[in-house]
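Visitor: Return a 3D structure for these sequence lines:
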Amino acid sequence: FGYFNMVVSIVALIVPLLYQSIWEGVLRFVISEKDRENEVLSTATIYCMILTIIYLIIYSIFTTTFKIEYSLFILLMGLSQALASYWQFSSRAMKYNDIYTISTVINSIITIVLNIVLIFIMRKGLVGLFIANTVGNLAMFIILESKLKLLLKLKEYKFNRTLLTMIISYSFPLCINGLSWWLMSSCNSLVISLKLGVNQNGIYSMANRFGTVMSLITSVINMAWQEEAFRIHGEVGSDMYFNKVFKILYKMIFSSIIMLIPITYFAYDFMVFGEYKQGVVYVWIIYLIAGFSAFSSHFASGFLANNDSKIVLTTTLIGGGFSAIAGYLVASIYGVYGVVLTSLIGTIITFILRIMKAKRYIDVKINYIEFVLLFSICILEDFICRSFINSITTRMIIFIVTMLILMIQNRNVIVYIHRMIRGRVKNEIVQ
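Guide: Numbering: from 1, shown residues only. Down below sits the predicted model:
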């Protein structure tokens, strides 16, 4: 399991670099160049196809020279990841939010079901993990292509080199930005494997699996907001809109974390066994990392709407550099906990820097007292759950009380987020 997670981390780094995160540029240019939508999509699609052929040749030569374990499965998973990323962003750019959401859910369901069948029933081990992730991504690609028909329409449009240069000029800094985010998240797996061993990375990987729940929530919300930020850029009242959406965002995310913490302890009791159980103490930090990453992405959307991707790059490099260096230094002393905690600190540093830089473009208004209070509740709640780790009754009481409070407090926010994901946000703001 630790080896697979390390491979996933490397793939998450390499795929955006190889394709220069061109899907980010597709999203931006389809929205801003409405009359050239088909030209943008066809140009970027052809470019990605050419790159794929080149990389297949290089990879074949490399794996023939150097023996890599599970090389074929790694290749297939990497290609499926590239396909999924490109078609995801293209569907968002073309406002097919419903099919995007459906494909994401189906991808998750297929991956989970195949993991259970291939690993626990058929005992396929690592091969099962590779197959499950690859098939899930391919299913997403097929569903999205059935609606977008990007491949079928290629022959109808021309390849525009000038337009491609413009797209890459925009997306390349975001590709480097992705490298920095990798330093704050996926790099943990490499540091833990190198400094503490593959077994410890397996424990961390299990905890990180639970963290993907929070990442899924934040990614869907942020994707919806990124499109909205591009569309409202320059409109009267956009600053007020930006601030109110951020308030909704942090209340929703902190509320989700507060709800998930006791659930996670229950899940570990019944779903996780052996030495993997000790990883429960890392999950709340992983939730917060996903949360602060979402907060940073919210401000990044503002920079990107102003065509300033350099700030996104520099702020992420600082936070990512801190996470990677500090994590490596403290791993031998504080173990996995120290590595994960430095990642959280690095993410918070990036968030704070973006707040400071955002004041160039936006009149930022944040209720810092409320923000810090919700953050503190997350920390306190995990402390209580950990202190009464053997008391199911105490955790049940915490869960029931927090659920009631959160549902009452966030009833309007829940409705708003649902409408935003469905692409039905209008100009009015939930008060």
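Visitor: how far away is the nearest residue to residue 264 once chain neighbours are set aside from residue 170?
Guide: Counting by C-beta to C-beta, 6 or more residues apart in numbering, the nearest residue to residue 264 once its immediate chain neighbours are dropped is residue 283, at 4.9 Å. (C-beta placed from N, C-alpha, C; glycine too.) As defined by C-beta to C-beta, to the nearest Å, residue 283 lies at a distance of 36 Å from residue 170.
Visitor: per-residue confidence for residue 286?
Guide: Note for residue 286: predicted pLDDT of 91.
Visitor: Mind listing what's buried along stretch 386-400?
Guide: 389, 394-395, 398-399 (16 or more other C-beta atoms under 10 Å).
Visitor: try stretch 76-92
Guide: 76-92.
Visitor: which one of the buried residues of stretch 386-400 sits closest to residue 245?
Guide: Closest approach to residue 245 among the buried residues of stretch 386-400 (C-beta to C-beta): residue 399, at 28.4 Å.
Visitor: which residues does the closest one contact?
Guide: 259, 262-263, 266 (C-beta atoms under 8 Å, 6 or more residues apart in numbering).
Visitor: Number of residues surrounding residue 366?
Guide: Other residues lying near residue 366 total 13 when counted by other C-beta atoms under 10 Å.
Visitor: Run a quick check on it versus residue 244, I expect a contact.
Guide: No: counting by C-beta atoms under 8 Å, residue 366 stays clear of residue 244, with 11.0 Å between them.
Visitor: anything in contact with each of the two?
Guide: By C-beta under 8 Å, 6+ apart, no residue touches both residue 366 and residue 244.
Visitor: Verify the stated contact: residue 192 with residue 339.
Guide: Yes: the pair residue 192 / residue 339 is scored as a contact, 5.8 Å apart, by C-beta under 8 Å.
Visitor: Which neighbours do the two have in common?
Guide: Common contact partners of residue 192 and residue 339 (C-beta under 8 Å, 6+ apart): 204, 331.
Visitor: before we move on, the earlier item: does the residue nearest to residue 264 count as helix, strand or coil?
Guide: Per DSSP: H, G, I helix; E, B strand; the rest coil, the local secondary structure of residue 283 is helix.
Visitor: before we move on, what about residue 150?
Guide: Secondary structure state of residue 150, per three-state DSSP, is coil.
Visitor: shouldn't it be in contact with residue 43?
Guide: No: Residue 150 lies out of contact with residue 43 (C-beta under 8 Å); the separation is 11.3 Å.
Visitor: In PyMOL, select just the buried ones from the contacts of residue 399.
Guide: Per 16+ other C-beta under 10 Å, the buried members of the contacts of residue 399 correspond to this PyMOL selection:
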select buried, resi 259+262
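Visitor: Distance check, residue 293 against residue 249.
Guide: According to C-beta to C-beta, residue 293 stands 12 Å off from residue 249.
Visitor: which of the two has more neighbours?
Guide: Neighbours around residue 293 and residue 249, counted as other C-beta under 10 Å, are more numerous at residue 293. The numbers are 27 against 22.
Visitor: still on that earlier bit, among the buried residues of stretch 386-400, which one sits closest to residue 161?
Guide: residue 399 (57.0 Å).
Visitor: Pull the distance from the host helix or strand of that closest one to the chain's centre.
Guide: Using DSSP states H and E, residue 399 maps to helix 392-409. Relative to its chain's centre, helix 392-409 lies at 27 Å (C-alpha atoms, centre = their mean, to the nearest Å).
Visitor: that older thread, wait, the residue nearest to residue 264 touches residue 209, no?
Guide: No: counting by C-beta under 8 Å, residue 283 stays clear of residue 209, with 9.3 Å between them.
Visitor: any residues in contact with both of those two?
Guide: In contact with both residue 283 and residue 209: no residue, using C-beta under 8 Å, 6+ apart.
Visitor: between those two, who's got more neighbours?
Guide: residue 283 (26 against 17).
Visitor: residue contacts, that one?
Guide: Residue 283 neighbours (C-beta under 8 Å, 6+ apart): 207, 210-211, 261, 264.
Visitor: Lowest average confidence across helices and strands of the chain, where is it?
Guide: helix 411-421 (a mean of 64; mean pLDDT, DSSP states H and E).
Visitor: Quick one: low-confidence residue ranges for the stretch 51-200 of the chain.
Guide: For the stretch 51-200 of the chain, the stretches flagged by pLDDT under 70 are 156, 176-186.
Visitor: Show me the helices in it, by range?
Guide: Remark: helices assigned in the stretch 51-200 of the chain by DSSP state H, counting those that start in this stretch are 71-93, 97-115, 126-148, 161-184, 187-196, 198-232.
Visitor: For the third one, buried residues please.
Guide: Neighbour-count burial for helix 126-148, with 16+ other C-beta under 10 Å as criterion, is recorded at 128-141, 143-145, 147-148.
Visitor: ok, so what distance separates residue 344 from residue 211?
Guide: For residue 344, the distance to residue 211 - C-beta to C-beta - is 11 Å.
Visitor: Apologies, that question was intended for residue 346.
Guide: Residue 346 is 16 Å from residue 211, by C-beta to C-beta.
Visitor: Repeat that for residue 155.
Guide: For residue 155, the distance to residue 211 (C-beta to C-beta) stands at 43 Å.
Visitor: And for residue 351?
Guide: Here residue 351 is placed at a distance of 17 Å from residue 211 (C-beta to C-beta).
Visitor: Check residue 77 too.
Guide: 20 Å.
Visitor: And for residue 25?
Guide: From residue 25 to residue 211 the distance is 28 Å (C-beta to C-beta).
Visitor: These two: which is more packed in?
Guide: Comparing residue 25 with residue 211 by other C-beta under 10 Å, the one with more neighbours is residue 25, at 26 against 23.
Visitor: Does that one touch residue 167 like I think?
Guide: Yes: with contacts counted by C-beta under 8 Å, residue 25 reaches residue 167, the gap being 3.7 Å.
Visitor: anything in contact with each of the two?
Guide: In contact with both residue 25 and residue 167: residue 44, using C-beta under 8 Å, 6+ apart.
Visitor: The closest residue to residue 278 other than its chain neighbours: what's it in contact with?
Guide: Nearest residue to residue 278, sequence neighbours excluded (C-beta to C-beta, 6+ apart): residue 203, at 6.2 Å. Contacts for residue 203 (C-beta under 8 Å, 6+ apart) come out as 275-276, 278-279, 336.
Visitor: same thing but at 10 Å, please
Guide: 1-2, 192, 196, 272, 274-280, 282, 336 (C-beta atoms under 10 Å, 6 or more residues apart in numbering).
Visitor: what does residue 397 give?
Guide: 262, 388, 391.
Visitor: returning to what we had before: could I get the average pLDDT for the helix holding residue 399?
Guide: 78.
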